[in-house]
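Undergrad: What follows is a predicted structure for the sequence shown.
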Protein chains: 2
Amino acid sequence: MAEKKTRRRGPALTTAILEAAWAQLQEKGYQALTIEGVAAAASTTKTVLYRRWPDKAHLVIAAFARFGGFTGYVVPDTGSLRTDFLALMGQMAAFLDKLQDETFRGLLADRLQHLELDNLLTQANDHDPDHGIQKIVQPLLDHAAARGEITHAQWPDRLVNLPGILLINEVITRQALPLEARYEIVDQILLPVFGATSSRD
Amino acid sequence: MAEKKTRRRGPALTTAILEAAWAQLQEKGYQALTIEGVAAAASTTKTVLYRRWPDKAHLVIAAFARFGGFTGYVVPDTGSLRTDFLALMGQMAAFLDKLQDETFRGLLADRLQHLELDNLLTQANDHDPDHGIQKIVQPLLDHAAARGEITHAQWPDRLVNLPGILLINEVITRQALPLEARYEIVDQILLPVFGATSSRD
DNA sequence: TTAAATTAGATACGGCCGTATCTTATTGAC
DNA sequence: GTCAATAAGATACGGCCGTATCTAATTTAA
């Protein structure tokens, strides 16, 4: 029974490679995953992989987008800025849970060297360049301003991006985003910065 | 006149290597600098380098500490928390100026993969493990509390480390730390977070 | 001065990167 | 069905990493 080896092509091949990449990611982690290793596991050659993705980071992001079960961020609308922020942090924690700290760090480091980073968070959704966390934060601010919780909705990019930065910092220095951390970040940093009175006052 | 090749050893060799590393860093930048390249430039072999530093990041940090002309952070004491913070940001900007954004990013990325990062900023001073930016920030808070500018001096680590995080963010996303950015960070983030009334109120 | 301890230097290794080149299977247009 | 276009597969390359091994120079202790 000689195996009839038909040559895979296009989407079928891509899927097989992403499956292999995803499996390797679970087995060995981000750092230990290699392009050659994935190619071998998918019974193809790295030439084929390089035709599809420029480097390990993009390959892993593609695999995560396909199999990671991350559905993207949703704009929370809970009635107060504080609970909106907490909901957002909860989504971030869930994202990290699916991804894994080690993978997140590795991706971060790799992208850093290639002069990017802005996005990265929701870029698990791939394409759609400017789809960073600020696209989620801005509506929260709009709602809060409409309710009169904060005096205005337009803030400098630096502030709108703060939630994302703080998340990255947590992962880097603490490798997790537990509930207490989320409370502290919201109550002691985000709300004061946007001039919202914490609901505890 | 045959060159009498005496074999360098110890500190003399170390210095020669660091000089070569520093030169390569200026010439080619961090990413393009290689251990083998530095070894060759210093007319020795990489074996010798690996006996002294575990990786490129540590080698470059050592070279920077020796030749970078960075003298370390100094605790500012200007009379108000706002101007203290601004002075600190100024020192950070000067540090970045000496280092170079590309090098900073590269170091950041490399260290990230090796599960560190906490320090890194003042670790240009090497040794002395816990010598992070928070060692500079805490005195500022002590002084401000003593003056009554803020209600208390003890804050969670997360807040004390904020200046360092924000610096990293600036470098990553904006590749510079101009004066306007420093004002915005201090007035719109740091002072609100610590509950200090900005001097503009 | 000689012997022992260090440490520089030379070399080689396996591993992976990213690219280039060439062959061969598969597809799709006609 | 034939042929041209496309894409997979196979291989090889130079470059660098980090480690291991061996030698020979230099230092130090005696």
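TA: Good, I have the coordinates. Numbering: from 1, shown residues only, chains lettered A, B, ... in the order given.
Undergrad: Up against chain B, what does chain A have?
TA: Of all the residues in chain A, those in contact range of chain B (CB under 8 Å from any CB of the partner chain) are A:31, A:105-106, A:108-110, A:112-113, A:115, A:117-118, A:155-156, A:158-159, A:161-162, A:165-166, A:169, A:172-173, A:181, A:184-185, A:188-189, A:192-193, A:195. In short, each C-beta sits where N, CA and C put it, glycine included.
Undergrad: Tell me the first helix or strand C-terminal of the longest helix anywhere in chain A.
TA: As assigned by DSSP state H, the longest helix anywhere in chain A is helix A:10-32. Scanning forward in sequence from helix A:10-32, with DSSP states H and E defining helices and strands, the next element found is helix A:35-41.
Undergrad: any idea how far that next one is from the chain center?
TA: With CA atoms, centre = their mean, to the nearest Å as the basis, helix A:35-41 stands 24 Å off its chain's centre.
Undergrad: and the residue in chain A that DNA strand D sits nearest to, how far is that from DNA strand C?
TA: Chain A approaches DNA strand D most closely through A:Thr44 (3.3 Å), counting by CB to the nearest atom of the strand. Between A:Thr44 and DNA strand C the distance is 12 Å, computed by CB to the nearest atom of the strand, to the nearest Å.
Undergrad: didn't that residue look like it was pressed against A:Leu18?
TA: No: here A:Thr44 lies out of contact with A:Leu18, judged by CB atoms under 8 Å, at a distance of 12.0 Å.
Undergrad: Next secondary structure element downstream of the worst-scoring helix or strand of chain A on mean pLDDT?
TA: Comparing helices and strands within chain A by mean pLDDT, DSSP states H and E singles out helix A:162-174 as the least confident, with a mean of 88. In the C-terminal direction, the helix or strand that comes right after helix A:162-174 (DSSP H and E) is helix A:179-184.
Undergrad: Give the buried residues for that following helix.
TA: By neighbour count on 16 or more other CB atoms under 10 Å in any protein chain shown, the buried set for helix A:179-184 is A:181-182, A:184.
Undergrad: helices and strands around the helix or strand following it, which ones?
TA: Using DSSP H and E, the next helix or strand after helix A:179-184 towards the C-terminus is helix A:191-193. Contact here means 3 or more CB pairs under 8 Å, 6 or more residues apart in numbering or on different chains; DSSP states H and E; on that basis helix A:191-193 packs against helix A:81-99, helix B:191-193.
Undergrad: Between these, which one is closest to A:Gly68.
TA: For A:Gly68, the closest of these is helix A:81-99, at 5.4 Å, according to CB to CB.
Undergrad: just the angle between that closest one and helix A:162-174, please?
TA: Relative orientation of helix A:81-99 and helix A:162-174, computed by axes from the mean of the first three to the mean of the last three CA atoms, to 10 degrees: 50 degrees.
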